[in-house]
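Undergrad: Okay, sequence plus prediction incoming.
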Amino acid sequence: MEGAEHRIVNVNGINMHVAEKGHGPVILFLHGFPELWYSWRHQIDALSSKGYRAVAPDLRGFGDTDAPDSVTAYTCFHIVGDLVDLLNTIAPQQQVFVVGHDWGAVIAWYLCLFRPDKVKALLNLSVPFVPHNPQLKPVDGWRAAYGNGYYICRFQEPGDIEAEFTEIGTKAVLKGFLTYSAPDPIMLTKGNLFEHLADASIALPSWLSEEEFSYYVTKFDTNSGFTGGINYYRNFDRNWELTATWAGCEVKVATKFVVGDMDLVYHMPGMKEYIHNGGFKKDVPLLQEVVVMEGVGHFIHMEKADEINDHIYDFFRQFD
């Protein structure tokens with residue numbers, strides 16, 4: 001991707017790498033795991049060409065942004081705090097558009113819940129808003145549904161999954177996640193990670209070239225490693241405790257949601273019913289549209305980049 005400017009911005013005492021391109025209203029792009037600002041390369045090019053200033057940071061713990069050692073430095077308050085400080089620096093006194101995917105979508109929901117004054121409109125991909133359930137901790141829920149081999153459960157013990165990832169290597173880990181296109185849960189059975197990669201020669205998906213894949217491998221190998229990103233998962237229960245005050249609160253930001261019908265998140269227990277039977281709209285009353293794209297998996301913004309670019313542009317331009 002050509003033409004993007006890269007800089008380091010100090011936010012909340014950490015150095016955050018930010019890629020940006022274009023001029024006009026700001027669109028803040030928030031990536032997921034195991035990703036980087038680079039996952040938004042198609043959106044940065046397309047939206048900057050249509051009169052927007054596309055801003056895509058490496059989130060705390062990823063890529064060229066600092067990765068604090070402490071697990072507890074990755075709560076939703078830390079991540080949202082980074083973004084608020086970033087916006088105060090690069091777009092002071094402005095409301096911005098936000099696009100999130102995977103963990104970036106989770107953080108975007110928190111940003112809109114905590115600081116709706118910062119957000120003009122939100123387009124989230126893959127992960128809908130999940131209301132606070134005071135009766136069940138998130139990790140307990142996933143363990144009950146899928147067992148201890150479920151990837152989020154495997155991520156909980158510091159150092160455990162990292163040791164296994166080191167054994168199989170960065171390239172295999174990234175290929176394991178980025179080629180996963182089934183609607184089934186990701187199971188990381190101890191000693192048999194990424195069973196779908198039993199054929200070592202499995203090809204990259206058509207939407208990810210060898211050159212693009214190599215960018216991820218290089219950054220995770222030489223810079224961040226996986227621990228920073230995994231620490232987000234280790235704070236699921238801590239976030240649940242910290243956000244109890246917001247139980248029952250609505251997200252009051254104009255929103256559009258897009259998900260692939262082959263996305264594993266869309267197939268979590270009760271998720272389709274929540275999205276389509278009124279629960280989602282109740283919790284996000286300014287939800288304008290839900291789009292389910294047929295035959296599309298989790299990495300929707302790369303797999304169907306042109307269509308996602310159109311969804312973003314068509315939604316945000318009504319607010320300009």
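TA: Right, received. Where do you want to start?

Undergrad: What strand or helix carries Gln288?
TA: In this structure, Gln288 sits in strand 287-293 according to DSSP states H and E.

Undergrad: which strands and helices sit next to that strand?
TA: strand 255-260, helix 279-283, helix 305-316 (3 or more CB pairs under 8 Å, 6 or more residues apart in numbering; DSSP states H and E). For every residue, glycine as well, the C-beta is placed using N, CA and C.

Undergrad: Sheet partners, orientation included, of that strand?
TA: strand 255-260 (parallel) (DSSP bridges).

Undergrad: Relative to the whole chain's centre, how far out is the strand it pairs with?
TA: Relative to its parent chain, strand 255-260 has a centroid offset of 13 Å by CA atoms, centre = their mean, to the nearest Å.

Undergrad: And the average pLDDT for the helix or strand just after that strand is what?
TA: Following strand 255-260 in sequence order, the next helix or strand is helix 271-276 (DSSP H and E). Averaged over helix 271-276, pLDDT sits at 98.

Undergrad: again with stretch 136-145
TA: Average pLDDT, stretch 136-145: 96.

Undergrad: what do you get for stretch 28-37?
TA: According to the model, stretch 28-37 has a mean pLDDT of 98.

Undergrad: ends of that stretch, how far apart?
TA: One end of stretch 28-37 to the other measures 11 Å (CA to CA, to the nearest Å).

Undergrad: so how far is that stretch from its chain's centroid?
TA: 5 Å.

Undergrad: just stretch 8-22 next, same as before
TA: Distance of stretch 8-22 from the chain centroid (CA atoms, centre = their mean) equals 17 Å.

Undergrad: Quick check: buried residues in it?
TA: Neighbour-count burial for stretch 8-22, counted by 16 or more other CB atoms under 10 Å, picks out Val9, Val11, Asn12, Ile14, Met16, His17, Val18, Ala19, Glu20, Lys21, Gly22.

Undergrad: Next, format the residues you listed as a markdown table and append pLDDT, distance to Glu307 and secondary structure.
TA: As requested, the buried residues of stretch 8-22 are arranged in a markdown table below (pLDDT from 0 to 100; distance: CB to CB, whole Å; DSSP: H, G, I helix; E, B strand; the rest coil):
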| residue | pLDDT | distance to Glu307 | secondary structure |
| --- | --- | --- | --- |
| Val9 | 98 | 31 | strand |
| Val11 | 98 | 32 | strand |
| Asn12 | 95 | 35 | coil |
| Ile14 | 97 | 35 | strand |
| Met16 | 98 | 30 | strand |
| His17 | 98 | 28 | strand |
| Val18 | 98 | 26 | strand |
| Ala19 | 98 | 22 | strand |
| Glu20 | 98 | 23 | strand |
| Lys21 | 98 | 21 | strand |
| Gly22 | 98 | 20 | coil |
